[in-house]
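Student: Here's my sequence, what's the structure:
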Amino acid sequence: MGKLSGASSSLRLRLRAAAVCPIVTVVRKVIANLLALQDLEMGGKRLSPADKETITQLRAQIPEPILAHYDRMRDRDKKAVAVLRNKVCSACHMTVPIGTIAVLMRGQDIQLCGSCGRYLHLPKEAPAETPAPAPVEKPKRRRKKTEPPITGT
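Tutor: Numbering: from 1, shown residues only. Sure thing, here's the model as predicted:
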């Protein structure tokens, strides 16, 4: 009986993970499309016909409410997607609540920054941090020279 219940709980966990995976891939795909769209539209260069075609394809893959919010941000000449680094939104430099970060890490939903309203993107890999500077050695303390004890002669 013990082996059967262990196997069924393992099966339940796998089924639950399989049910979540499509949501995770959809969320990541939407954010990736938003980032690609933002890079193309705010690139500062003249758009070629191939770029315009890519933009229309990307816009077709993004859900309408998300695209409407993106367009409102673009109308204000602001980026709509901000990268989250060290628990801080890269656009407004405000700390993001840990609950929002946890949802982003699990990939369950698209999250907005509570301060600036931009979509938050959590990169897969954290950028390599600069190495800490080498510790500076303190000069060694010199011992005081002790005088020989005075003896009464």
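Student: Could I get the contacting residues of the spatially most central residue of the chain?
Tutor: In the chain, the residue lying closest to the centroid (Cα atoms, centre = their mean) is residue 122, at 1.9 Å. Residue 122 makes contact with 83, 84, 101, 104, 105, according to Cβ atoms under 8 Å, 6 or more residues apart in numbering. Bear in mind the C-beta positions are built from the backbone N, C-alpha and C, glycine included.
Student: would you list every one of the helices in the chain?
Tutor: In order along the chain, the chain carries the following helices (DSSP state H): 2-41, 49-61, 64-75, 98-106.
Student: could you dump those to TSV with mean pLDDT, distance to residue 118 and mean neighbour count?
Tutor: Shown next, in TSV, are those (pLDDT from 0 to 100; distance: least, Cβ to Cβ, whole Å; neighbours: other Cβ atoms under 10 Å):
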stretch	mean pLDDT	distance to residue 118	mean neighbour count
helix 2-41	68	10	13
helix 49-61	91	18	12
helix 64-75	92	7	14
helix 98-106	91	12	14
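Student: returning to what we had before: and the residue nearest to the centre of the chain, how far from residue 71?
Tutor: Separation of residue 122 from residue 71 (Cβ to Cβ, to the nearest Å) stands at 23 Å.
Student: Then residue 94?
Tutor: Counting by Cβ to Cβ - residue 94 and residue 71 are separated by 23 Å.
Student: neighbours around the closest residue to residue 98 other than its chain neighbours, how many?
Tutor: Of all residues not flanking residue 98 in the chain, residue 87 sits nearest, at 7.4 Å (Cβ to Cβ, 6 or more residues apart in numbering). Residues contacting residue 87 under the criterion other Cβ atoms under 10 Å number 12.
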